[in-house]
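Chemist: fold the following.
(chains A and B)
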There are 2 protein chains.
Amino acid sequence: MSGGKLLATLAGTRFPTPPIWLMRQAGRYLPEYRAVRATTKSFLEFCYTPEKAVEVTLQPIRRFGLDAAIIFSDILVIPDALGQKVWFETGEGPKLEPLTDPAQFAQLSRARLSDYLAPVYRALTETRKALPEETALLGFAGAPFTLACYMIEGSGSRDFAKVKDWAYRWPDSFSILIDLLVDAIVDHLVNQIDAGADAVQLFDSHAGVLPEEQLFRWSLDPMMRIAQGVRLKHPGVPIIAFPRAVGPAALMYRRPDVFSALSLDTGIGAHWAAKELQPHICVQGNLDPIMLVVGGRAMEDEAKRILDKLGHGPFIFNLGHGVVPQTPPEHVAELVEIVRNWKPGA
Amino acid sequence: MSGGKLLATLAGTRFPTPPIWLMRQAGRYLPEYRAVRATTKSFLEFCYTPEKAVEVTLQPIRRFGLDAAIIFSDILVIPDALGQKVWFETGEGPKLEPLTDPAQFAQLSRARLSDYLAPVYRALTETRKALPEETALLGFAGAPFTLACYMIEGSGSRDFAKVKDWAYRWPDSFSILIDLLVDAIVDHLVNQIDAGADAVQLFDSHAGVLPEEQLFRWSLDPMMRIAQGVRLKHPGVPIIAFPRAVGPAALMYRRPDVFSALSLDTGIGAHWAAKELQPHICVQGNLDPIMLVVGGRAMEDEAKRILDKLGHGPFIFNLGHGVVPQTPPEHVAELVEIVRNWKPGA
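Modeler: Residues are numbered from 1 along each chain as shown, chains lettered A, B, ... in the order given. Model (predicted):
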């Protein structure tokens, strides 16, 4: 089977050391990424050029021999494919023509999604062909609530006041958007698996801004429906859930019947995760990306602390958030060595 | 004793309904606040004008009869008093001339802090005189890590990369800054209590960006040292800790020997808090401020859900974060009614 150690771990096999990959491992911290990125002005055009997406997806695998490649793309390809205007301004993050009225939902259509995102699927197929057999290929999507945040706020936000106001004030209207996104995300994940993804990750990056009842309704429930939708077509493909910054509500996502693993942000302590989550479900995480910037003894101590707490159970080593641009690439190589040389109980 | 229901609750007395106050209850959502604010250009000058600070502190008490007033001031008065350049740009939040080198610590001095912040203390004394006997007066300070975030980042931040890099790479140097802040904060809180504050709250607004070992070292440990320092002078004065967004690590702060109450952000579920925190310590919180914007049935349901889960134990009703400017003032009046009319077990 392709996908080696990562897929076997998700299927329940234990190894002396855990598999490792890093969120945003293909990115600006790599000079070879910046070289390819410089050849295209628009970020979305870059995502939609298969040969470039394939190349940058493979770069960290060549350098570091990580256990998984994650296809280079963006969570905002879905609003883009649905017909919302999305663009990226240098140094400012993504911008969207924000939805301000439920009447605008009618203009969003998933009819063309599969055609529109065909370049992403071609990139997956080409990447799978080029990857070593033992390296897993991950597809991904943003979860509905996180996409709705961008679609209603029009950008990142400090307090997510607009999207929360909408969800709390007009839940029936907000449901229509969330349901549309559930269907679009199922399509996108199924297409990615059809194209060669061995597993998929659902990023609910903004879930942490919701209180618990709302979290169930707008984050967990839609993510469970997506998992069910994907499994109708691909029963065996692992789904990793990343409900970021949800705190103790991570307990709600401890659903091994639905998710294959739970990705943890830096704010979930390894000790608590080992006690409360890992006995029920494989966990992934959660080194602070700034530790990867700092490197040296501080990074080693922190990585080993996480390994000592979580390395004995079903575990995938990762960061708690994406690699940041100022990360020295050699620190990634050192981290991979630390994880691969870790001795349980040593 | 002055301070009525809030102080009695912190001392262990139970009432049929909990006391209520709201973080940032004196603020831009009130037209009478905006009228006073408009008379001074600089935000810090506004904070340092006792008659204006007194007036805006009293406004929400007059309108809503809340159980506590919190002195109108800002957490950044401490870096300002220590000699760092701090200013506020309209619509952009605070700015500081950032610390970039440990050598700059030597230029920070707490020698003049008590004189420099005398207007804050005068405002407390005048507010206490003007307040109804049964209304508690709260002083406050930012916790050391949160202040260090502003002092090193120079503003708010998305990933707090600079301050975390410093803390992880040069912990001995970072300790010098944290220790200086511990001493300055003890001075500031003791002065506030001397001037009339009945209780104090410590805001560690950015604690949630730290992983657990770092959280202990840079957030909890300094906050415990501050509590000890304050208690040397004022053994009986309640100290409320607000380690925002720390998730399950809130368990570490469950220290009734050190803190009188734990203030919870919106991300801590009421059910979890009732089970894990409240049996050990009085809790405060945690309605989503956006629910206060929305009002109506959604706000009522959510407030009652929190009351039903937490109203039976030691509890202070509050928000999970500050009141936002777009809040209709009448929703605050409605919330106070909901809390005061709540029937346990109804």
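Chemist: count the neighbours of whatever residue of the stretch 151-300 of chain A ends up closest to chain B for me.
Modeler: Nearest to chain B in the stretch 151-300 of chain A, going by CB to the nearest CB, is residue A:247, at a distance of 3.2 Å. All C-beta atoms are positioned from the backbone trio N, CA, C, and that covers glycine. Neighbour count of residue A:247, defined by other CB atoms under 10 Å in any protein chain shown: 27.
Chemist: isn't it up against residue B:251?
Modeler: No - Residue A:247 lies out of contact with residue B:251 (CB atoms under 8 Å); the separation is 10.9 Å.
Chemist: can you list the residues that contact the helix or strand where residue A:52 lies?
Modeler: Following DSSP states H and E, one finds residue A:52 within helix A:50-64. Here helix A:50-64 makes contact (CB atoms under 8 Å, 6 or more residues apart in numbering or on different chains) with A:22, A:25-26, A:30, A:32-33, A:36-37, A:39-40, A:46-47, A:66, A:69-73, A:119-120, A:122-123, A:126-127, A:130-132, A:135, A:329, A:332-333, A:336.
Chemist: for chain A, what spans make up the strands?
Modeler: A:68-70, A:86-89, A:93-96, A:136-142, A:199-204, A:239-243, A:261-263, A:282-287, A:315-319 (DSSP state E).
Chemist: let's have these in CSV, adding distance to residue B:268.
Modeler: Formatted as CSV, the strands of chain A follow (distance: least, CB to CB, whole Å):
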stretch, distance to residue B:268
strand A:68-70, 31
strand A:86-89, 33
strand A:93-96, 28
strand A:136-142, 25
strand A:199-204, 18
strand A:239-243, 15
strand A:261-263, 19
strand A:282-287, 19
strand A:315-319, 24
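Chemist: dump the ones you listed to CSV, plus distance to residue B:105, mean pLDDT and mean neighbour count.
Modeler: Formatted as CSV, the strands of chain A follow (distance: least, CB to CB, whole Å; pLDDT from 0 to 100; neighbours: other CB atoms under 10 Å in any protein chain shown):
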stretch, distance to residue B:105, mean pLDDT, mean neighbour count
strand A:68-70, 41, 98, 26
strand A:86-89, 37, 93, 15
strand A:93-96, 33, 94, 16
strand A:136-142, 42, 98, 25
strand A:199-204, 39, 98, 25
strand A:239-243, 38, 98, 26
strand A:261-263, 38, 98, 25
strand A:282-287, 29, 98, 25
strand A:315-319, 31, 98, 26
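Chemist: of the ones you listed, which is nearest residue A:158?
Modeler: Taking CB to CB, strand A:93-96 is the member of the strands of chain A nearest to residue A:158, at 12.7 Å.
Chemist: who does that closest one touch, helix- and strand-wise?
Modeler: Applying 3 or more CB pairs under 8 Å, 6 or more residues apart in numbering or on different chains; DSSP states H and E, one finds that strand A:93-96 contacts strand A:86-89, helix A:144-153.
Chemist: now these as JSON lines including distance to chain B?
Modeler: Output for those, formatted as JSON lines (distance: least, CB to the nearest CB, whole Å):
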{"stretch": "strand A:86-89", "distance to chain B": "15"}
{"stretch": "helix A:144-153", "distance to chain B": "12"}
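Chemist: so of the ones you listed, which one's packed in deepest?
Modeler: helix A:144-153 (a mean of 26; mean count of other CB atoms under 10 Å in any protein chain shown).
Chemist: got the angle between that helix and strand A:136-142?
Modeler: Angle of helix A:144-153 versus strand A:136-142, following axes from the mean of the first three to the mean of the last three CA atoms, to 10 degrees, is 50 degrees.
Chemist: just the mean pLDDT for helix A:144-153, thanks.
Modeler: Mean pLDDT, computed over helix A:144-153, is 98.
Chemist: packing partners for it?
Modeler: helix A:77-82, strand A:93-96, helix A:161-169, helix A:171-195, strand A:199-204, helix A:221-233.
Chemist: show residues contacting that helix.
Modeler: By CB under 8 Å, 6+ apart, helix A:144-153 touches A:75-76, A:78-79, A:84, A:94, A:96, A:98-100, A:142, A:156-157, A:160, A:162-163, A:166-167, A:174, A:177-178, A:181-182, A:185, A:203-207, A:209-210, A:218-219, A:222-223, A:226.
Chemist: just the buried ones from the residues you listed, in PyMOL syntax?
Modeler: Per 16 or more other CB atoms under 10 Å in any protein chain shown, the buried members of the contacts of helix A:144-153 correspond to this PyMOL selection:
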select buried, chain A and resi 75+76+78+79+84+94+96+98+99+142+157+160+162+163+166+167+174+177+178+181+182+185+203+204+205+206+207+209+210+218+219+222+223+226
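Chemist: hang on, the earlier thing: now the helices and strands packed on strand A:93-96 in TSV, please, with extra columns for distance to residue A:255.
Modeler: Output for those, formatted as TSV (distance: least, CB to CB, whole Å):
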stretch	distance to residue A:255
strand A:86-89	31
helix A:144-153	17
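Chemist: residue contacts, residue A:73?
Modeler: A:47, A:53, A:120, A:123, A:140 are the contacts of residue A:73 under CB under 8 Å, 6+ apart.
Chemist: can you rerun that using 7 Å?
Modeler: Residue A:73 makes contact with A:47, A:53, A:120, according to CB atoms under 7 Å, 6 or more residues apart in numbering or on different chains.
Chemist: and what of residue A:256?
Modeler: Counting by CB under 7 Å, 6+ apart, residue A:256 has contacts A:280, A:281.
Chemist: near chain B, which residues of chain A show up?
Modeler: A:159, A:161, A:164-165, A:168-169, A:208, A:211-213, A:245-249, A:266-269, A:271-272, A:288, A:290-291, A:293-294, A:298, A:305, A:324, A:326 (CB under 7 Å from any CB of the partner chain).
Chemist: buried ones among the residues you listed?
Modeler: Buried, going by 16+ other CB under 10 Å: A:159, A:161, A:164-165, A:168-169, A:208, A:211-212, A:245-249, A:266-269, A:271-272, A:288, A:290-291, A:293-294, A:298, A:305, A:324, out of the residues of chain A next to chain B.
Chemist: out of the residues you listed, list just those in helices.
Modeler: A:161, A:164-165, A:168-169, A:212, A:271-272, A:290-291, A:293-294, A:298, A:305 (DSSP state H).
Chemist: who are the neighbours in contact with the closest residue to residue A:214 other than its chain neighbours?
Modeler: Take residue A:214 and drop its neighbours on the chain: the residue closest to it by CB to CB, 6 or more residues apart in numbering or on different chains is residue A:167, 6.6 Å away. Residue A:167 is in contact with A:174, A:214, A:218, counting by CB under 7 Å, 6+ apart.
Chemist: pretty sure residue A:139 is touching residue A:72, no?
Modeler: No - counting by CB atoms under 7 Å, residue A:139 stays clear of residue A:72, with 11.2 Å between them.
Chemist: if we can go back for a sec, a markdown table for the contacts of residue A:167, including distance to residue B:256 and pLDDT?
Modeler: Shown next, in a markdown table, are the contacts of residue A:167 (distance: CB to CB, whole Å; pLDDT from 0 to 100):
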| residue | distance to residue B:256 | pLDDT |
| --- | --- | --- |
| A:174 | 40 | 97 |
| A:214 | 30 | 97 |
| A:218 | 35 | 98 |
